[in-house]
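Peer 1: next input, structure requested:
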Amino acid sequence: TVPTLATADITVPYGVPNMPALDANRTINKLIFFRTGASPFFVDINGKTFTVNGAITGTGTLTGSTTSNLTLGGTAGTLNFTQTSAATRSLNDLNMEATSVAKLGNDLDMYGAINFTAGGNLDLDGKHLTLKSNAANTARISDLTGSTLSGASNVTMERWIPMTNPGSGTGRRYQLLTPT
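Peer 2: This is a model prediction of the structure:
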C-alpha cells in the first residue's frame, strides 16, 4: 500500500535519473536527502505548496519559483535552496507554523510573504534575504507577535516604482523613500 504522504518520510536517493517535482500541493512528514556523490539533489516545488511537518535532512536543496510556497510545521533544520538562478532560489510564500523551527542555509528571494503563526522560529543566519517588489506585489514579513526572526543582518527590501509618464520620454527617476 502507498503510505499517506502526510505521515510519510520521503527519501531522495543518490543516482536516480530524475529529481522529484511536485505535481500537486503535497504534505509530508520528513524529507531526507541521501547523497553520496557530487550530482545535484533537489526537490522541485514546481509552483505548488509543499508542506513539511518534520525535519529536512541531508545535502539536497529545494528548488522554488515565484509561485512556489513552502510551509513548515515542525523542526525543519537548515533550508537550502537551489542557487542556479534567481528563479530557483525564490518562493512566493514561506509559512512558519506554530511549532516550526528553521535556519536559512543560503540566499532566498521572496515574492509574497514570510508568514508566522505565533511560536514559529526562523533564523536567517546572516544569509541574504531579498524581499522582491514588482507591479503586482511587494514581499513582506508578517506580524512576529509570539514568534522569533533572528540573524536578519543581510536583508534587502526592494520597491517597484512605476513609470511616471510612459511614452513621454520621462521614466523612472531617483526618488527618496522614507517613512512618514
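Peer 1: from here on, just use CA atoms for contacts and neighbour counts.
Peer 2: OK.
Peer 1: which other residues reach the one helix or strand residue 77 maps to?
Peer 2: Assigned by DSSP states H and E, residue 77 belongs to strand 75-79. For strand 75-79, contacts defined as Cα atoms under 8 Å, 6 or more residues apart in numbering pick out 52-57, 61-62, 99-106.
Peer 1: kindly recompute the last result at 6 Å.
Peer 2: The contact list for strand 75-79 (Cα atoms under 6 Å, 6 or more residues apart in numbering) reads 54, 55, 56, 100, 101, 102, 103, 104, 105.
Peer 1: low-confidence ranges, the chain, go.
Peer 2: 1-5, 14-15, 35-40, 165-177, 179-180 (pLDDT under 70).
Peer 1: let's go with 80 and repeat that
Peer 2: Counting by pLDDT under 80, the ranges of the chain that qualify are 1-8, 10-18, 34-40, 162-180.
Peer 1: spatially central residue in it, please.
Peer 2: residue 91 (4.2 Å; Cα atoms, centre = their mean).
Peer 1: my guess is it is in a strand, correct?
Peer 2: Yes: counting by DSSP: H, G, I helix; E, B strand; the rest coil, residue 91 is part of a strand.
Peer 1: what's the separation between it and residue 82?
Peer 2: Distance of residue 91 to residue 82, given as Cα to Cα, to the nearest Å: 11 Å.
Peer 1: given the longest strand seen in the chain, what are its sheet partners and their directions?
Peer 2: For the chain, the strand with the greatest residue count under DSSP state E is strand 108-116. Applying DSSP bridges, strand 108-116 is found paired with strand 90-96 (parallel), strand 129-131 (parallel), strand 140-141 (parallel).
Peer 1: of all those, which lies closest to residue 118?
Peer 2: With Cα to Cα as the criterion, residue 118 lies closest to strand 90-96 of those, at 8.8 Å.
Peer 1: the closest one: how far from the chain's middle?
Peer 2: 4 Å (Cα atoms, centre = their mean, to the nearest Å).
Peer 1: how about residues contacting the helix or strand following it?
Peer 2: Reading on from strand 90-96 to the C-terminus, the next helix or strand found by DSSP H and E is strand 101-104. Contacts with strand 101-104, where a contact means Cα under 6 Å, 6+ apart, come from 75, 76, 77, 78, 79, 121, 122, 123, 124.
Peer 1: can I get these in JSON lines with neighbour count and distance to residue 8?
Peer 2: Putting those into JSON lines (neighbours: other Cα atoms under 10 Å; distance: Cα to Cα, whole Å) gives the following:
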{"residue": "75", "neighbour count": "19", "distance to residue 8": "16"}
{"residue": "76", "neighbour count": "20", "distance to residue 8": "15"}
{"residue": "77", "neighbour count": "18", "distance to residue 8": "18"}
{"residue": "78", "neighbour count": "22", "distance to residue 8": "20"}
{"residue": "79", "neighbour count": "20", "distance to residue 8": "19"}
{"residue": "121", "neighbour count": "24", "distance to residue 8": "24"}
{"residue": "122", "neighbour count": "21", "distance to residue 8": "24"}
{"residue": "123", "neighbour count": "17", "distance to residue 8": "26"}
{"residue": "124", "neighbour count": "24", "distance to residue 8": "28"}
